[in-house]
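> Predicted model and sequence follow; I will ask about them next.
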Amino acid sequence: MQISDMQLTTLTFEEPEKGVGLVTMNRPDTLNSISIQMLEDFDTLCSVLTGNTGIRVLIITGRGRGFCSGADLSAALSHQGAEPFADPEHFIEMVQERYANLVIRLRRIPQPLIAAVNGVAAGGGFSMVLACDIRVACPEACFVASFANIGLFGGELVTSYLLPRLIGLSRAADVLLTGRKLDAEEAERMGLVNKIVMREKLIEVALEYARMMVSKSIGGLKLTKRVLDQNIDAPSLEAAINLENRNQTLLVFSGEFFRLIQGFSKSKGHGV
């Protein structure tokens with residue numbers, strides 16, 4: 001399937017600049033809560049982007065006042081007696097794994113992800129923010145790992161894996177055990193947010209990051225994202241170096257390296 005053939009109901013997709021995709025969650029009346037249809041739309045988007053080299057970087061944002069308020073809990077209430085809630089086996093297969101797969105799919109696409117957080121990011125929306133590689137937020141943005149606040153445990157949708165790696169175990173315990181709201185400034189101090197910018201500048205700043213990435217090679221972006229995912233859990237220094245050596249060798253022989261160093265060496269001297 002080509003990008004132009006995608007039929008998305010809860011998301012909009014555009015290419016504001018060559019090589020940069022912008023996906024906007026488009027359920028503003030519910031602060032862009034995650035419905036089953038949205039999960040299907042993200043699945044379609046990720047499937048298309050996985051095999052697409054034209055889109056080099058993906059920006060994710062929300063329409064209206066919120067980034068994403070998490071799972072659509074009104075749908076859960078209205079379907080309380082339906083098949084997914086009949087027993088745990090049905091629930092994990094029909095609901096839990098489908099929601100968790102959203103974060104997995106976002107991490108597996110080759111494009112680096114930039115979250116442009118325009119408002120509340122709660123529950124599953126918080127998890128989506130964690131799944132991104134760069135996070136910019138407006139001053140009105142806030143972040144809530146709200147799972148514990150509704151009788152669940154705090155580590156849903158890969159949060160217990162990603163959050164400690166971003167901000168450290170002690171701070172992650174604070175966030176997940178209390179379910180408290182983090183404003184944009186605290187999130188930046190913790191290292192959860194890379195930069196705070198005014199709401200009207202949010203997409204432009206995300207595009208500034210994207211432009212710097214688009215100027216790099218396709219393989220360089222893909223392998224950098226992949227090595228960051230893998231080497232955070234490397235079993236040893238040697239294993240981490242071996243993966244780096246493999247990736248760097250692949251790119252030296254990709255053809256881009258010798259083309260790019262010609263201009264680099266003339267203008268900036270020798271060295272990497």
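Alright, I've got the coordinates.
> Show me which residues of stretch 105-113 are buried.
The neighbour-count check on stretch 105-113 (16 or more other C-beta atoms under 10 Å) flags 105, 106, 107, 109, 110, 111, 112, 113 as buried. No exception for glycine: its C-beta is placed from N, CA and C like everyone else's.
> Filter these down to just the ones in helices.
Members of the buried residues of stretch 105-113 lying in helices (criterion: DSSP state H): 105, 106, 107.
> which other residues reach whichever strand or helix holds residue 213?
Using DSSP states H and E, residue 213 sits in helix 202-214. The contact list for helix 202-214, computed with C-beta atoms under 8 Å, 6 or more residues apart in numbering, reads 16-20, 22, 56-57, 59, 61, 112, 114, 116-118, 134, 136-138, 195, 197, 221.
> I'd like to know which of those are buried.
Buried among the contacts of helix 202-214 (16+ other C-beta under 10 Å): 19-20, 22, 56-57, 59, 61, 112, 114, 116-118, 134, 136-138, 197, 221.
> helices and strands of this protein: which one bottoms out on pLDDT?
The least trusted helix or strand in the chain, going by mean pLDDT, DSSP states H and E, turns out to be helix 73-78, with a mean of 63.
> Can you name the residues that contact residue 10?
Residues counted as contacts of residue 10 (C-beta under 8 Å, 6+ apart) are 25, 26, 27, 35, 37, 38, 41.
> Repeat that for residue 243.
So residue 243 contacts 227, 230, 231, 234 (C-beta under 8 Å, 6+ apart).
> State whether it is indeed within a helix.
Yes. Assignment of residue 243 by DSSP: H, G, I helix; E, B strand; the rest coil places it within a helix.
> Check what pLDDT residue 229 gets.
For residue 229, the pLDDT comes out at 92.
> circling back to that earlier point, okay if I get the buried residues of stretch 105-113 as TSV plus distance to residue 124 and pLDDT?
What follows is the buried residues of stretch 105-113, written out as TSV (distance: C-beta to C-beta, whole Å; pLDDT from 0 to 100):
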residue	distance to residue 124	pLDDT
105	13	95
106	11	96
107	14	95
109	18	96
110	23	95
111	20	97
112	21	97
113	15	98
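> which other residues reach stretch 139-154?
67, 70, 73, 117-123, 126, 129, 155-156, 159-160, 163, 175-185, 187, 192-193, 196, 198-199.
> How about stretch 256-265?
217, 219, 220, 251.
> Hmm, residue 252 and the third one touching each other?
No. Between residue 220 and residue 252 there is no contact, the gap being 11.2 Å when judged by C-beta atoms under 8 Å.
> Pick out whichever of those two has more residues nearby.
Set residue 220 next to residue 252 and count neighbours by other C-beta atoms under 10 Å: residue 220 wins out with 17 against 11.
> secondary structure element for that one?
In this structure, residue 220 sits in helix 218-231 according to DSSP H and E.
> and that helix, what other elements does it pack with?
helix 237-252 (3 or more C-beta pairs under 8 Å, 6 or more residues apart in numbering; DSSP states H and E).
> tell me the mean pLDDT over the helix it packs on?
93.
> can you pull the buried residues of it?
For helix 237-252, by 16+ other C-beta under 10 Å, it's 240, 243, 247, 251.
> quick one, what contacts the closest residue to the last one other than its chain neighbours?
This means residue 251. Excluding its sequence neighbours, the residue lying closest to residue 251 (C-beta to C-beta, 6 or more residues apart in numbering) is residue 219, at 5.3 Å. Taking C-beta under 8 Å, 6+ apart as the definition of contact, the neighbours of residue 219 are 250, 251, 254, 256.
> again, 7 Å this time
250, 251, 254 (C-beta atoms under 7 Å, 6 or more residues apart in numbering).
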